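[1] how would this look folded up:
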Amino acid sequence: MNNVLQVKIPFQYESNKQSIVANNLRTKDTLSVSKIEELISDLKRVLTYFADKKSIIKGVLVDANYNDIIAKSARISYVLKPTGRDINQAIVGARFSNAVPGEERHIITYYVDESVLAKAIKEMEIVKRFIDAKLGGKATLKNFNEGWDKNKKESTSPFTKEEYEAFGLSKNAIRNIIVDCSVIDSFSVPNVQAEERKATYLITFFNTGISLDTLLDKLNIDNRFDISRYGDDTVSVRAEIYEKLHEEVPYLISMVSNDLSKIVINEDAEVYNHKANYIPGPTTEPIIGVIDTLFDEKVYFGEWVDYIEKVDDIEKGSIREEHKKHGTEVTSLIVDGPTLNPWLDDGCGRFRVRHFGVCLDRISVIRLIKKIKEIVSENPDIHVWNLSLGTEEEVSKNFISFDAAALDEIQANKNVIFVVSGTNDNREEKYESLRIGSPADSLNSVVVNSVKRDGNPASYTRKGTVLSFFNKPDVSYYGGDKDEKLVVCSPKGITGEFGTSFAAPWISRKLCYLIDVMGLSREVAKALIVDSAAGWTYKETTYKNHDEVGYGIVPKSISDILSTNSDEIKFTIHGVSQSYRTIYNFVPVPRDSESKYPYVARAVLCYFPQCTRSQGVDYTNRELSMQFGRVRSNGSIEDINDNTQDDLNTFNDERKSRRDFRKWENTKFISKRLKRNQALKSYPDREWGFSVTSKERLGTKMTEPLNFGAVVTLKEINGVNRIQEFKSACTMRGWIVNEINVESRVELYNENQEEIVLE
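    Model (predicted):
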């Protein structure tokens, strides 16, 4: 076996060398006179609708219903552009149309002044006349570029500037309007409705500049005691208030979800043993944070747990023993899981726990998030947090849940990682698959689903993906099932349980070991977890049910994550993206005797981006795109995943980029399998390269550095161990190369934890 290597690469940083391409029609897009007439009518209806709404908002909200999943560069740039502002600043929401999977289309909501729509209508009327007179009634890619001879009905030379301006608009304005309208199916007024009736609603409003207090005053909603709020755009209200809001201001509602996080207790659990186990007291073991229901301090491992009760005063008089059941059981696995379940011994030892009891069995999502933010801020020494609370309601297809977005915000701003249970399907009868519940749609968190001992999904498994695209859950682990329960400790004694709540703690243990004991960054630790689950089979087999198991099942033993086969070279990279491209084109991958590369390869990239919930399906603010592969003679990287989306003079459809290259997703997995086990040829005087390209979603320039972690694996197809060649070559290039040796790092960790007593 070979140890995983930790390498420090001297990256170079490059600015964006691609020039701005002139706005042009896409190959498949056209614009006819009749189509532009329809769009003009749509905008007139929107203006008519808002004519009597000026007492509520000053501007106009309009949905642009696109004809595809649209790239940021292909969105409308002129038609709804506010004067003196970037059009991206007018975007207040984005969702997908209701369509079968794979055929979704963007619906992007803009908030603009009434004058913007009036100007658009006037100028679109001019463009309609131009298309009729100059392009034979329809703009196509060919005549748009070459012009059109109406008499001969054929293409001709491009129009002059004066020919455009004769219609009353500049050449750029006419061309931009044609391109904008070609990607739009229709314009309409927003109308987002709850998917099902609830007792309590969590409502988020579009950002129109109106405060919540002002809005509620204008609608004569004065029962503030039944309204909880979070920030400037979100409130929790009873059903009757939601109905009033939807009746009077449906156009202001951006998102609707349930405001209740609930624990479903397994009432049929059988107590196996009332006797207490014995374990030695804690010393310097690392600490994992648990946010859950209450904890029973009388259990045998109570000395290992620092318990802080965070329930509201009004709830304290209602506390019963069953309110300590779930939290105690979850924490028992983190502290002493391998003793309770020897077949799952992970080699990580025991962990101390700082357990925060935040609820009895259910809690308002807003209250939960307020408590989580406070807890994390007050405990900066904890890097891994286990959260096994969740909602029964399915997550939306069009926006990230409120609690998941809050977890993503915390992780983007603080050096922590959440491990979240994938939630359970507790229905007696299952007619169709149930999507995961919040906060299992948190993109920055590691979301864990359950499998049985044989590796098949558990009977209660719920499915991803998130926003029709993001790969959730991340991974799976053994969480037991009705006929093969995990052993846990409850307030009543040793018992059997099953659920994603009991799969997540095992991943929390592994992540804490990697971060706090092995000294790895959270980005690299997450990448190692994903890589260990995916292995070499992800694209061939696991991908078929990735919506249930994620990237796969994480190995039981930590040594299987931190070591690799003798015919493999596995190394980790930690870097910082602080420019358009972060690159190193001299990775010294060993060649064989014929100067070829006898490898199959895979790589995983993880990072924790800032996100914007109000942007709906366009949730992540920043995209890091990875390339790894041989460097061609011209200096470009021949990526093992054939990723060309950032290469010069290339075009990739947005739908394809998301599907094949996971564009905008914060976990990337790429791999290359060789046909007939033939070695790859090498390019003269070239090595392998690794690059990360950064793109911003919201039209703003990159302002903050973003850490990333990557794991690269090279498997020698002839079984030769080439790791020493690789280490020597790296050292000769001036790299810092360290083996991640478990024994030596544990020893170093223990030395660092020793207290020094000064005489």
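[2] C-alpha only now, for contacts and for neighbours.
    Noted.
[3] in stretch 229-240, which residues are buried?
    229, 233, 234, 235, 236, 237 (16 or more other Cα atoms under 10 Å).
[4] would you list these in JSON lines and tack on pLDDT?
    Below are the buried residues of stretch 229-240 laid out as JSON lines (pLDDT from 0 to 100):
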{"residue": "229", "pLDDT": "77"}
{"residue": "233", "pLDDT": "85"}
{"residue": "234", "pLDDT": "87"}
{"residue": "235", "pLDDT": "85"}
{"residue": "236", "pLDDT": "84"}
{"residue": "237", "pLDDT": "83"}
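[5] which of those lies closest to residue 134?
    The closest of the buried residues of stretch 229-240 to residue 134 turns out to be residue 233 (Cα to Cα; 47.4 Å).
[6] alpha carbons of stretch 204-223, as CSV, please.
    Provided in CSV are the C-alpha atoms of stretch 204-223 (Å, rounded to 0.1, in the frame of the first residue of the first chain):
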residue,chain,number,x,y,z
THR,A,204,-39.3,35.1,1.1
PHE,A,205,-40.2,38.2,-0.9
PHE,A,206,-38.5,39.6,-4.0
ASN,A,207,-36.1,42.4,-3.2
THR,A,208,-38.0,45.5,-4.4
GLY,A,209,-36.7,48.0,-1.8
ILE,A,210,-39.8,47.8,0.3
SER,A,211,-39.3,46.9,4.0
LEU,A,212,-41.2,44.1,5.6
ASP,A,213,-42.8,46.5,8.1
THR,A,214,-43.9,48.8,5.4
LEU,A,215,-45.4,46.0,3.4
LEU,A,216,-47.3,44.6,6.3
ASP,A,217,-48.6,48.1,7.2
LYS,A,218,-49.8,48.6,3.6
LEU,A,219,-51.7,45.3,3.7
ASN,A,220,-53.2,46.1,7.2
ILE,A,221,-51.5,43.0,8.7
ASP,A,222,-51.0,44.1,12.3
ASN,A,223,-50.9,40.8,14.2
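[7] mean confidence (pLDDT) on that stretch, please.
    For stretch 204-223, mean pLDDT rounds to 84.
[8] give me the contact list for it.
    Stretch 204-223 has contacts (Cα atoms under 8 Å, 6 or more residues apart in numbering) with 56-57, 59, 92-93, 111, 232-235, 241, 248, 252-256, 614.
[9] filter the residues you listed down to the ones in helices?
    Of the positions in those, 241, 248 sit in helices, assigned by DSSP state H.
[10] just the buried members of the contacts of stretch 204-223?
    In the contacts of stretch 204-223, burial by neighbour count holds for 59, 92-93, 111, 233-235, 241, 252-256, 614, counting by 16+ other Cα under 10 Å.
[11] now, the residues you listed that are in strands?
    Those of the buried ones among the contacts of stretch 204-223 mapping onto strands are 92, 93, 111, 234, 235, 253, 254, 255, 256, per DSSP state E.
[12] return the member of the residues you listed nearest to residue 718.
    So of these, ranked by how close each gets to residue 718 (Cα to Cα), first place is residue 93, at 52.5 Å.
[13] now do the same for that closest one: its pLDDT.
    90.
[14] please enumerate the helices of the stretch 51-200 of the chain.
    114-134, 141-146, 161-165, 171-182 (DSSP state H, counting those that start in this stretch).
[15] can you check the stretch 651-759 of the chain too?
    654-661, 723-732, 742-753.
[16] possible to save those helices as a markdown table with mean neighbour count and distance to residue 362?
    Converted to a markdown table, the helices of the stretch 651-759 of the chain look like this (neighbours: other Cα atoms under 10 Å; distance: least, Cα to Cα, whole Å):
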| stretch | mean neighbour count | distance to residue 362 |
| --- | --- | --- |
| helix 654-661 | 17 | 36 |
| helix 723-732 | 16 | 52 |
| helix 742-753 | 13 | 38 |
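[17] now these in CSV, with mean pLDDT and distance to residue 381?
    Putting the helices of the stretch 651-759 of the chain into CSV (pLDDT from 0 to 100; distance: least, Cα to Cα, whole Å) gives the following:
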stretch, mean pLDDT, distance to residue 381
helix 654-661, 67, 36
helix 723-732, 92, 34
helix 742-753, 77, 13
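[18] for residue 592, which of the ones you listed is the nearest?
    That would be helix 723-732 among the helices of the stretch 651-759 of the chain, by Cα to Cα, at 10.8 Å.
[19] name the helices or strands packed onto that closest one?
    strand 568-577, strand 736-739 (3 or more Cα pairs under 8 Å, 6 or more residues apart in numbering; DSSP states H and E).
[20] could you tell me the least trusted of those?
    strand 736-739 (a mean of 90).
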